[in-house]
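In: Generate a structure from the sequence data that follows.
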Amino acid sequence: MGFDLMFGIFPILFMIVFGIVLVVFVVGAVRGISQWNKNNHSPRLTVNAAVVAKRGHVTHHHHADHNGIGHTHTSTTYYVTFEVESGDRMELQVPSHEYGMLVEGDRGTLTFQGTRYLGFARQ
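Out: Modelled structure (predicted):
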C-alpha cells in the first residue's frame with residue numbers, strides 16, 4: 001500500500017517542483033528582457049556627478065565534472081554609486097577595468113542610459 005502511494009505521489013510532487021523552477025526561470029528572463037528593453041528606450045544622459053561609494057558582489061559557483069572532481073569558479077560584479085547635482089543617487093554596474101580607476105570623491109560627467117552605465121569622464 002505504501003509503495004503504491006509513493007509511486008502515485010512522487011510524479012505529482014516532481015511536476016510541482018519542476019513547475020515552480022520553470023516559473024522562477026521564466027519570471028527572471030522576462031524581468032531581464034524588460035529591463036534591457038526599458039534601457040534601450042531610455043535617453044542617453046550625460047550629467048555632472050560624483051563617485052560616492054563603491055562595492056563588489058562576489059559569487060561562488062561549485063561544479064562537479066563527470067569524475068566527481070569539484071571545481072570552484074568565483075566571479076565579482078562591481079557597482080558604483082554616483083550622486084548627481086540634484087542630490088539624487090544611483091548605483092550602476094560598471095566594468096572591472098573602470099571600477100579600479102574610479103575613486104570615491106571623483107567628480108566628472110556620468111553618461112548612462114536607464115540603468116546601463118556608459119562611462120564616467122573625470123574632471
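In: residues contacting the residue nearest to residue 106 when sequence neighbours are not counted?
Out: Residue nearest to residue 106 in three dimensions, not counting chain neighbours: residue 51, with 4.4 Å by C-beta to C-beta, 6 or more residues apart in numbering. Glycine gets a C-beta too; all of them are placed from N, C-alpha and C. Residues counted as contacts of residue 51 (C-beta atoms under 8 Å, 6 or more residues apart in numbering) are 80, 81, 82, 102, 103, 104, 105, 106, 107, 120.
In: So what's the residue count around the first one?
Out: When you say that, I think you mean residue 80. Other residues lying near residue 80 total 23 when counted by other C-beta atoms under 10 Å.
In: So what pairs up with residue 61 in the strands?
Out: residue 73 (DSSP bridges).
In: list the helices and strands the host helix or strand of residue 121 packs on?
Out: Using DSSP states H and E, residue 121 falls within strand 116-122. Counting contacts by 3 or more C-beta pairs under 8 Å, 6 or more residues apart in numbering; DSSP states H and E, strand 116-122 packs against strand 44-64, strand 70-84, strand 89-94, strand 107-113.
In: Weed out the non-buried ones from the contacts of residue 51.
Out: 80, 81, 82, 102, 106, 120 (16 or more other C-beta atoms under 10 Å).
In: Show me where this protein dips below the pLDDT cut-off.
Out: 1-6 (pLDDT under 70).
In: Double-check that residue 11 belongs to a helix.
Out: Yes - with DSSP: H, G, I helix; E, B strand; the rest coil as the criterion, residue 11 is part of a helix.
In: Thanks a lot, see you next time.
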